[in-house]
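1. got a predicted structure plus its sequence, pasted below:
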Amino acid sequence: MKSPEVYAVLREQLGPLLKPLGFKREKALLSWSRQYGGAYTVLWCQVSRDGWDDYAGSKFVVEFQRSESPEAGAPSTTRARLVKLLTDDQRAEAWRLQSRVIADLSRPPRSHPTFNISPDVTRWYLEKFEPLRAQYSPSDDLWLRYAKPEHVHMWAEFLRLAVPGCVEAIEANQAS
């Protein structure tokens, strides 16, 4: 699934949620912003630069910031990735969804190029197919993985439910 397809699904699913909350689309990445309390609240989604892998799929991240500019990634007073702003129950749900994606992956054949580079690269690559061990904590770096369009739709639905609380949390300056 190419990144423009991922962005199209997320834009389609998140745009209708964010507009009534006062957010407008920005130009950089897949980002939205709104003015609140003398600053901008910005959120954006970014697909990994690792690209697409036919077996491991890919991943994207969701970030939030409070800044003087509506630009994603601008210098900010507060910036947080999604996992930091989620409730414990939402982190548990994200873990469950991520586990579901991993269970849907097809392991690569022994002829896959990563098996011919080095033992370290092989180990690193095969870890992508292993079940998650620990639940997510606020300090984890959570990238939302996907291997099929259904996974992106699943994450979009999760985000539709989680984003309003994340916006509230960052605007209350509960993240640092």
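-> Arrived safely, thanks for sending.
2. only C-alpha atoms for contact and neighbour calcs from this point on.
-> Fine.
3. I'd like the distance between the residue nearest the centre of the chain and Tyr36.
-> Taking CA atoms, centre = their mean, the centroid of the chain lies closest to Val61, which sits 2.7 Å from it. When CA to CA, to the nearest Å is the yardstick, Val61 and Tyr36 sit 23 Å from each other.
4. mean confidence for whichever helix or strand Val121 is part of?
-> Using DSSP states H and E, Val121 falls within helix 119-126. Mean pLDDT, helix 119-126: 90.
5. that helix packs against which elements?
-> For helix 119-126, there is no helix or strand it packs on, judged by 3 or more CA pairs under 8 Å, 6 or more residues apart in numbering; DSSP states H and E.
6. only alpha carbons, please: show that helix as PDB.
-> C-alpha atoms of helix 119-126 as PDB (Å, rounded to 0.1, in the frame of the first residue of the first chain):
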ATOM      1  CA  PRO A 119      22.700 -12.200  11.100                       C
ATOM      2  CA  ASP A 120      21.900  -8.900  12.700                       C
ATOM      3  CA  VAL A 121      19.800  -7.700   9.800                       C
ATOM      4  CA  THR A 122      18.000 -11.000   9.600                       C
ATOM      5  CA  ARG A 123      17.200 -10.800  13.400                       C
ATOM      6  CA  TRP A 124      16.100  -7.200  13.100                       C
ATOM      7  CA  TYR A 125      13.800  -8.000  10.100                       C
ATOM      8  CA  LEU A 126      12.300 -11.100  11.700                       C
END
